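Visitor: here you go, sequence then predicted model.
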Amino acid sequence: QFLKANRSSVVLSLRTFSTDQKAKDPYDNIPDSILSITQRKIYKQDGHPLSTLIEKIEGFFGQGQISDLHIPGEKFKVFSDFPPLVKVKECFDDLGIPEDHVSRRITDTYYKSRDTCLRPHTSVHQIPLMRAGNNAFICVGDVYRKDTVDKTHYPAFHQMEGVRTYDLKTLGVGNVAEAKLIAERDLKQVLENLARLVFGDVEMRWIDAYFPFTEPSIELEIFYNNEWLEVLGCGVIHDKVMTRAGKDITNEVGWAFGLGLERWAMKLFDISDIRLFWSQDPRFITQFKQGHITKFKPYSRFPTCYKDLAFWVPPHFNENEFFQIVRHVSGDLAETVECIDKFTHPKTGRESQCFRINYRHMDRSLTNEEVDQFQVKLRQLVASELQCELR
Ligand code: FA5
Ligand code: MG
């Protein structure tokens, strides 16, 4: 998400879609479906694949020797109880994410009020935890983003943040530049060791990335289902972040990572659709036992129902805004949204796009009428909010 370039485009006022007219804060764009998810705590549910994965990773960070750079007595503290509602300032400004950054828009983040939001990443806890004196810790929680609709993206998912800081003396070097190189090497080694422990033999690769709060920044991808899948972002903690955390940047350096737990669990348990993690169908959860890694056996799923929607797009059309409307109208029932046709009218030069939306319920069959109702609403909102002319 931090790689997305800033774009100028119509910023949607999602709160105008709000179905319930309770006295809400005018900034509140959190739908009830997401609010109820904040209560579920599936990552703590006994036997849930996420819970087993977390236990395994905690085991790794609890063992002491996580890389060649063994620090005697070092213990990673574990934090997993911070509520997801956080201060906007801590989650963006303090990490150096500028006010006009795309990730902060109301089309990308769920705001409760002007100053509070559902955390879009666990990085929000880095600075407060360091400031409280922690030098090595991991922190797990549910995170929320208005994201695209597909098998590897969901608007609620889970991250684990990890941080380790050290001073020059511990590293046995005389300057910060050298210390940062060691930190980067250590970071890669720790995460490669972790990936090997979790996955066994897996093809992986490092990709250069950008995050405002680390420098340098990198991402790790693993090969899964014939595709490269991004499983974490990380880097050497930015000086500005270190300073805000009360660290002396002439003497201390550190690394941080944030991993997408579902992506790891998908590979580990062979779960091919991220929405299955939220399924309340007993055929899902009864397949797993806490502490045991077993491959998921797909059960016959309820059928999909697809509908197409074609419209003329205005010059500043932004696909993501369309996806968000789909999400708003149908919750998680829209399994995939794909553009199946694009053409430019030879005379008017106007562009038309046609999207196919596949609807599927995890736990029951959808009726055609239900799906038609989504389409009716979708058509209205695409016309009114995106200024698209329907075809
Ligand atoms: C971050 O969120 C940074 N905070 C990570 C970080 C932490 C960088 C500390 C540096 C230091 P990113 O937006 O790339 O980065 O998300 C991290 C991971 O979350 C991704 O690699 C991916 O595995 C997972 N992820 C992102 N969006 C989704 C989504 N919608 N559904 C499921 N997993 C997701
Ligand atoms: Mg990323």
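Guide: Looks like it came in fine. All values derive from a computational prediction rather than experimental measurement. Residues are numbered from 1 along each chain as shown. Ligands and ions are numbered 1, 2, ... in the order given.

Visitor: got the domain ranges for this protein?
Guide: Using automatic domain parsing, the domain parsing of the chain gives 14-278, 305-390.

Visitor: between these, which gets nearest to ligand 1?
Guide: Closest to ligand 1 of the domains of the chain, according to Cβ to the nearest ligand atom: domain 14-278, at 2.3 Å. Where you see a C-beta, it was placed from the backbone N, CA and C, and this is true even at glycine.

Visitor: hmm, that closest one in reach of ligand 1?
Guide: Yes. Using Cβ under 6 Å from any ligand atom, domain 14-278 comes into contact with ligand 1 via 121, 123, 145, 147, 153-154, 157, 159, 211, 214, 217, 230-235, 256-258, 260, 262-263, 274.

Visitor: pretty sure Asn251 contacts Thr170?
Guide: No. With contact defined as Cβ atoms under 8 Å, Asn251 does not reach Thr170; the gap is 10.3 Å.

Visitor: the two: which has the busier surroundings?
Guide: Taking neighbours as other Cβ atoms under 10 Å, Asn251 and Thr170 compare with Thr170 leading, 15 against 12.

Visitor: grab the nearest non-local neighbour of that one.
Guide: Excluding the flanking residues, the one nearest Thr170 by Cβ to Cβ, 6 or more residues apart in numbering is Ile71, at 6.2 Å.

Visitor: so which strand or helix has the one you found?
Guide: Per DSSP states H and E: Ile71 is located in neither a helix nor a strand.

Visitor: for Glu338, what are its contacts?
Guide: 355-356 (Cβ atoms under 8 Å, 6 or more residues apart in numbering).

Visitor: quick check, it in a helix?
Guide: No. Secondary structure of Glu338 (DSSP: H, G, I helix; E, B strand; the rest coil): strand, not part of a helix.

Visitor: show me where the stretch 251-391 of the chain has its helices.
Guide: All helices of the stretch 251-391 of the chain, identified by DSSP state H, counting those that start in this stretch, fall at 261-269, 282-285, 319-330, 368-386.

Visitor: measure Ile127 to Thr304 for me?
Guide: Distance from Ile127 to Thr304, counting by Cβ to Cβ, to the nearest Å: 44 Å.

Visitor: so these two - more neighbours on which side?
Guide: A count of neighbours by other Cβ under 10 Å puts Ile127 above the other of Ile127 and Thr304, at 22 against 15.

Visitor: buried set for the helix or strand where that one lies?
Guide: Using DSSP H and E, Ile127 sits in helix 126-131. Residues of helix 126-131 classed as buried: 126-130 (neighbour count, 16 or more other Cβ atoms under 10 Å).

Visitor: burial of Trp312, as a residue count?
Guide: For Trp312, the number of neighbouring residues by other Cβ under 10 Å comes to 16.

Visitor: for the helices of the stretch 251-391 of the chain, which one ends up most surrounded?
Guide: Burial of the helices of the stretch 251-391 of the chain is given as mean neighbour count (mean count of other Cβ atoms under 10 Å); helix 261-269 ranks first at a mean of 23.

Visitor: figure out the length between the terminal residues of stretch 295-302.
Guide: One end of stretch 295-302 sits 21 Å from the other (Cα to Cα, to the nearest Å).

Visitor: ok, residues contacting it?
Guide: Outside stretch 295-302, the residues within contact range by Cβ under 8 Å, 6+ apart are 49, 269-272, 276, 281, 283-284, 287, 360-366.

Visitor: what's the answer for stretch 258-273, then?
Guide: With Cβ under 8 Å, 6+ apart as the test, stretch 258-273 has contacts from 43, 49-50, 53-54, 121-123, 140, 151-152, 154, 157-162, 198-199, 202, 222, 224-225, 229-234, 274, 277, 288, 293-296, 298, 335.

Visitor: PyMOL command for the buried members of the residues you listed?
Guide: Only the buried entries of these go into this PyMOL selection, using 16+ other Cβ under 10 Å:
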select buried, resi 43+49+50+53+54+121+122+123+140+152+154+157+158+159+160+161+162+198+199+222+224+229+231+232+233+234+274+277+288+296+335
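
Visitor: residues of the longest helix belonging to the chain that come out buried?
Guide: The residue-count maximum for a helix in the chain (DSSP state H) belongs to helix 176-199. Neighbour counts using 16+ other Cβ under 10 Å place 176, 179-180, 182-184, 186-188, 190-191, 194-195, 198-199 of helix 176-199 among the buried residues.

Visitor: how much does that helix deviate in direction from helix 261-269?
Guide: When axes from the mean of the first three to the mean of the last three Cα atoms, to 10 degrees is applied, the directions of helix 176-199 and helix 261-269 differ by 40 degrees.

Visitor: shared neighbours, Asn251 and Thr170?
Guide: With Cβ under 8 Å, 6+ apart, Asn251 and Thr170 have no common neighbours.

Visitor: mind listing the residues bridging to the nearest residue to Asn134 once chain neighbours are set aside?
Guide: Using Cβ to Cβ, 6+ apart and skipping the chain neighbours, the partner closest in space to Asn134 is Lys77 (5.7 Å). Judged by DSSP bridges, the bridge partners of Lys77 are Phe137.

Visitor: burial of Lys77, as a residue count?
Guide: 15.

Visitor: my guess is it contacts Asn135. True?
Guide: No. With contact defined as Cβ under 8 Å, Lys77 and Asn135 do not form a contacting pair (9.2 Å).

Visitor: now Val231: how far from Glu192?
Guide: For Val231 relative to Glu192 (Cβ to Cβ), the value is 12 Å.
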